[in-house]
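Novice: What follows is a predicted structure for the sequence shown.
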Amino acid sequence: MADLLAAAGPDGSILSERLRALWLDVELEITSLRDELLKANSKIRIKSAEIRDLKGQIAKLSKIKFGVNADRNPEKGKAKMDNNANGKNGWGEEQPEPPKNHKDGHKATKPAPAPRNTNGRGRRVFPKHLERREIYMGKPDKKCPCGCGGSIRGYDINETLEVIPARHYVAVRKYPRFRCRVKDKVVGTTFLPRIFPQSTMSNGIVANAVFMRFGAQLPWYRQENIFKSYGIDLNRSTLMKWSNRVATQTLLPIYELLKLEAQQNSARLFMDETTIPMLAPGKGSTKTSYLFAIHRDDRSFGGNLPPFVLYCPSKTRAMYKIHELLNGVSAIVQTDAYAGYGQLGRKGSVVEGIISPKCWAHTRRNFTDDFEFNETADAKVVIGMIAELYAEEAKVKGKPPLVREAHRRKYSAPILDRLKAFLNECSGRHLTKSRMAKAINYAHNQWSELVLFVDDGRIDLDTNPVERMFKPSILLRKNALFMGSDEGAEAWGILSSIVETCKLNGVNVEPYLNWVLDQIAGKLPRSEYDKLMPWNAPAEFKIML
């Protein structure tokens, strides 16, 4: 530079200033480009994180719509394959050796037919209570078909399940009238009581319509088409009106008794909610309505109270509505982590007598979602530890509470300690907004309620029992599309509660409903309605398997 300036002669200072100015411009431009590069890289990272998050949401929604709903342990299938490769079956037992043949000096015995399993394989054995009709399939003269005159020497038996399609008929009941000599007048016979005495429809038809709607999830228009196929013109609006009247007038007392069971005679309940669209009159669209489910099932800890489910329709799922539904309940109420359940057990409120443990299935779901999309190693470890909890829980399923408590304190508590330490350890290894970090924060926030099961044998690990209770309503929601009115929503809750409670107690729904309607139409006193509860139904209505 000095040589250049000397060579420039008397104008060297001007050239130096010019070069210095150019150099400063270059440095400023480099700095500006570096800042733009940093900003671009930052935007790329943000966009990449957004893309990963959106892909995760797409994967989750695709799983909900097209995939299995159950959370999968990534090691479960691998362990089963390893066991099979080592000569063991899926339960870790040694596989039996194949029978030896005659050449080895051992007689090969014919294996007994395997019992039919849940996959539909094996010989089907029909229940003994089903009617058997013997049908002779040979010639009427019972001789050999070739004409040789040979007689029968035995039969090859083939059993098939047959069906007689439903038959509708008109019952013409003739009620005699008598000339009474004592009273000196004509005396008639008392009519058979019916729920709708002014109509031409029997209690049996009403019970069938209710069962087809809420037990078989057939919307009214499909039932209308079924009647048309038999040549019967029965409008869907008529079926709907019958259903609503039966629910809100006739069967409401039974629904109220179910409410009393939940409030006064339950040690442990499950609670959850789902959405059901409701028609918005005048808008040509639907609005979001909710269906709460309160479920009692004490079989997991050996309880002897009959199971039931209570469906409660609501226009909102706000906290005040939840407290209104649980007003007067003093029990364990297992829920998910929805904020509306956050104040259960708060002192001074109407729900202060409630203990509210949370759900391990919801906690695990956050980690399984992260592992399925990102295959995070830490998520896999957490899923494995939660699987250990469930493995220990399976060993005491159906056992008394004290047995469950002792087992959990000995075996489950150490697993929880390891899990808590691991969550604390790996919480700093993940970005704050990542799916894994959110899963860890969820577990930390709910930890005190998640571990309540260790010290109380009545508490289960998850709320899966009540989530299963929504399957019929979700299927009916898909078929019927929406509820038509507030009265229809109330009828939905009442009839679904009675139908699903029947199923939980092994009661045949349609004949039970027919019997209940006959009893109520016969003016059964309200003080005796307790005998109409599904678990008190006569033995003839029990399903025999």
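Specialist: That came through, no problem. Nothing here was measured: the structure is a model prediction, and the numbers come from that model.
Novice: so residue 156, which of the three states?
Specialist: Secondary structure state of residue 156, per DSSP: H, G, I helix; E, B strand; the rest coil, is coil.
Novice: And for residue 333?
Specialist: Classification of residue 333 using three-state DSSP returns strand.
Novice: pLDDT wise, what is it at?
Specialist: At residue 333, the model reports a pLDDT of 97.
Novice: Find the centremost residue of this protein, please.
Specialist: For the chain, residue 468 is the residue whose C-alpha lies nearest the centre (Cα atoms, centre = their mean; 2.1 Å).
Novice: Strands of the protein, residue ranges please.
Specialist: For the chain, the strands defined by DSSP state E occupy 177-180, 185-188, 268-280, 285-296, 308-314, 332-334.
Novice: who wins for proximity to residue 483 among these?
Specialist: In terms of Cβ to Cβ, the element of the strands of the chain nearest to residue 483 is strand 268-280, at 4.7 Å. C-beta coordinates here come from the backbone N, C-alpha and C atoms, glycine included.
Novice: from the middle of its chain, how far away would the closest one be?
Specialist: Distance, stretch centre to chain centre, for strand 268-280: 12 Å (Cα atoms, centre = their mean, to the nearest Å).
Novice: List the buried residues in stretch 502-512.
Specialist: Across stretch 502-512, burial judged by 16 or more other Cβ atoms under 10 Å covers 502-505, 507-512.
Novice: The strands of the chain: which one's closest to residue 16?
Specialist: Of all the strands of the chain, strand 285-296 sits nearest to residue 16, with 75.9 Å by Cβ to Cβ.
Novice: Could you point out the longest helix of the chain?
Specialist: Secondary structure of the chain read by DSSP state H shows that its longest helix is helix 12-66.
Novice: Point out the other helices and strands that that helix packs with.
Specialist: Judged by 3 or more Cβ pairs under 8 Å, 6 or more residues apart in numbering; DSSP states H and E, helix 12-66 is in contact with helix 2-7, helix 360-374.
Novice: how about low-confidence regions in the stretch 301-450 of the chain?
Specialist: For the stretch 301-450 of the chain, no stretch has pLDDT under 70.
Novice: That one: helices as residue ranges?
Specialist: Assignment of helices within the stretch 301-450 of the chain using DSSP state H, counting those that start in this stretch yields the ranges 319-325, 360-374, 377-395, 401-407, 413-426, 435-450.
Novice: of all those, which lies closest to residue 476?
Specialist: Closest approach to residue 476 among the helices of the stretch 301-450 of the chain is made by helix 319-325 (21.2 Å; Cβ to Cβ).
Novice: circling back to that earlier point, using JSON lines, lay out the helices of the stretch 301-450 of the chain together with distance to residue 146 and mean neighbour count.
Specialist: Below are these laid out as JSON lines (distance: least, Cβ to Cβ, whole Å; neighbours: other Cβ atoms under 10 Å):
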{"stretch": "helix 319-325", "distance to residue 146": "76", "mean neighbour count": "17"}
{"stretch": "helix 360-374", "distance to residue 146": "66", "mean neighbour count": "21"}
{"stretch": "helix 377-395", "distance to residue 146": "62", "mean neighbour count": "17"}
{"stretch": "helix 401-407", "distance to residue 146": "70", "mean neighbour count": "17"}
{"stretch": "helix 413-426", "distance to residue 146": "74", "mean neighbour count": "14"}
{"stretch": "helix 435-450", "distance to residue 146": "76", "mean neighbour count": "18"}
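Novice: rewinding a little: now tabulate the helices and strands packed on helix 12-66 in TSV and tack on distance to residue 438.
Specialist: Shown next, in TSV, are these (distance: least, Cβ to Cβ, whole Å):
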stretch	distance to residue 438
helix 2-7	62
helix 360-374	7
